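> Structure for the following, please:
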Amino acid sequence: MSITAAMVKELRDKTGAGMMDCKKALGETDGNMEAAVDWLRAKGIAKADKKSGRTAAEGLIAVASEGNSAVVVELNSETDFVARNDGFQDLARSIASVALSTDGSVEAVSDATVPSTGKSVTDTVKDAIAHIGENMSFRRSTKLTVDNGIVATYVHNAVADGLGKLGVLVAVKSTGNADALAAIGRQVAMHIAATNPLALTSDDVDATIADRERSVFIEQARESGKPEAIIEKMVEGRMRKFYEEVALLSQAFVVNPDQTVGQAVEAAAADAGAPVEIAGFVRFQLGEGIEKEESDFAAEVAAAAKG
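Predicted coordinates for the structure are as follows:
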């Protein structure tokens, strides 16, 4: 397969590796971008590809809570200018509020009626597009509920109440004191915003991701030239560290790094007056997984000048 300059640039942007290293990695992997990232990691040339990648969608993340439930939704726009518009912010709040009365799925929220318009979320967004004059879309939503306890919410660098570019929900299961649960829930939510864990526990980590990490660790260990028995122990040690870093309950707690999140949650039982459990979490970062085409402004001007 022919390796293009654009492919080399993309791999450099993803990994920070040198141009020649990227070209060699792509050649060794027949142009497979994901395999090339792993090849560079195995050689110790690059770190793991960032999960979020280049995210460039504009808009807002909105959270809302009621009783023992909470929701987080994402509403996208073409520009940040529109995301700062009062009408757009009111729309994001309305969608989050409506989502509380549903199961939180995109389909259910899209079909739900917005009280202020008497129309579905889908039709209300269409009307907003016509009014504001810019394309926008309701992209995703999730709802968490607990039978006993609270669902804590947190918006990082909020632009208004319940609105921002990164929102977190944490389901705290307990029959204990609500204020104590809210306190530990908010701390854990802030931790999640900062660390972006892959799963609640090591058992919950996606097997595909774990297998990919293991493969990279095996290749890295073999580079050392050590016997297979030693390599196996090295890989197991690195996998334990990997799980500690990506599973929420085993991560070092940002509020007190001497504790894991799991230990901090257990300790919260003293203030709550009952056992405390983190039953689940959701983290939405604006534009996650969306890549916006980036243009070369100088090239655009030059092209326009040529007519």
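
> element containing the closest residue to residue 154 other than its chain neighbours, please.
Among residues not flanking residue 154 along the chain, residue 189 sits closest, at 3.6 Å (C-beta to C-beta, 6 or more residues apart in numbering). For glycine as for every other residue, the C-beta is placed from the backbone atoms N, C-alpha and C. Element membership for residue 189, per DSSP states H and E: helix 178-195.

> rewinding a little: the residue nearest to residue 154: neighbour count?
25 (other C-beta atoms under 10 Å).

> What count of nearby residues applies to the residue lying closest to residue 246 once chain neighbours are set aside?
Distance criterion C-beta to C-beta, 6+ apart; nearest residue to residue 246, sequence neighbours excluded, is residue 198 at 4.2 Å. Other residues near residue 198 come to 18 when the count uses other C-beta under 10 Å.

> before we move on, the earlier item: pretty sure the residue nearest to residue 154 is touching residue 155, no?
No. Judged on C-beta atoms under 8 Å, residue 189 makes no contact with residue 155 at a distance of 9.3 Å.

> Can you check which residues contact both of the two?
Here residue 189 and residue 155 have residue 168 as joint contacts, going by C-beta atoms under 8 Å, 6 or more residues apart in numbering.

> Residues touching the helix holding residue 189, excluding its own?
In contact with helix 178-195 (C-beta under 8 Å, 6+ apart) are residues 149-154, 156, 166, 168-170, 172, 174, 248, 251, 253-255, 261, 264-265, 268, 271-273, 276, 278, 281, 283.

> Tell me which stretches of this structure form strands.
58-66, 69-77, 113-114, 119-120, 136-145, 149-155, 163-164, 166-173, 277-285 (DSSP state E).

> so what does the fifth one touch, helix or strand wise?
Which is strand 136-145. strand 69-77, helix 86-99, helix 106-111, helix 121-132, strand 166-173, strand 277-285 (3 or more C-beta pairs under 8 Å, 6 or more residues apart in numbering; DSSP states H and E).

> buried residues in the third one?
Neighbour counts over helix 106-111 (16 or more other C-beta atoms under 10 Å) mark 106, 108, 109, 110 as buried.

> would you turn the residues you listed into CSV with distance to residue 24 and pLDDT?
Output for the buried residues of helix 106-111, formatted as CSV (distance: C-beta to C-beta, whole Å; pLDDT from 0 to 100):
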residue, distance to residue 24, pLDDT
106, 42, 96
108, 49, 97
109, 47, 97
110, 47, 96
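
> With distance to residue 216 added, can I get the residues you listed in CSV?
CSV is the format used below for the buried residues of helix 106-111 (distance: C-beta to C-beta, whole Å):
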residue, distance to residue 216
106, 34
108, 39
109, 38
110, 40
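
> Quick one, which of the helices and strands packed on strand 136-145 gets closest to residue 211.
Nearest to residue 211 among those is strand 277-285; the distance by C-beta to C-beta comes to 23.2 Å.

> so what secondary structure elements neighbour the closest one?
Going by 3+ C-beta pairs under 8 Å, 6+ apart, strand 277-285 lies up against strand 69-77, strand 136-145, strand 166-173, helix 178-195, helix 261-267.

> The first one pairs with which strands?
Neighbouring strands of strand 69-77 in its sheet, by DSSP bridges, are strand 58-66 (antiparallel), strand 136-145 (antiparallel).

> Could you say which of the ones you listed is packed most deeply?
strand 58-66 (a mean of 23; mean count of other C-beta atoms under 10 Å).

> before we move on, the earlier item: determine which of the helices and strands packed on strand 277-285 approaches residue 120 most closely.
strand 136-145 (10.4 Å).

> starting at the chain centroid, how far to that closest one?
How far strand 136-145 lies from its chain's middle: 13 Å, per C-alpha atoms, centre = their mean, to the nearest Å.

> Same question for stretch 159-170.
13 Å.

> same thing with stretch 163-180?
17 Å.

> What of stretch 203-210?
16 Å.

> okay, and for the chain, where does confidence drop off?
47-56, 291-307 (pLDDT under 70).

> and it, what are its domains?
1-49, 58-199+261-285 (automatic domain parsing).

> Tabulate those in JSON lines, adding columns for distance to residue 230.
Formatted as JSON lines, the domains of the chain follow (distance: least, C-beta to C-beta, whole Å):
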{"stretch": "domain 1-49", "distance to residue 230": "17"}
{"stretch": "domain 58-199+261-285", "distance to residue 230": "28"}
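
> Which one, of the ones you listed, ends up nearest to residue 241?
domain 1-49 (12.8 Å).

> For the closest residue in space to residue 114 that isn't next to it in sequence, which residues are in contact?
Take residue 114 and drop its neighbours on the chain: the residue closest to it by C-beta to C-beta, 6+ apart is residue 124, 4.6 Å away. By C-beta under 8 Å, 6+ apart, the contact list for residue 124 reads 91, 94, 114, 117.

> Name the member of the residues you listed that has the highest neighbour count.
Neighbour-wise, the contacts of residue 124 (other C-beta under 10 Å) top out at residue 91, 27 neighbours.
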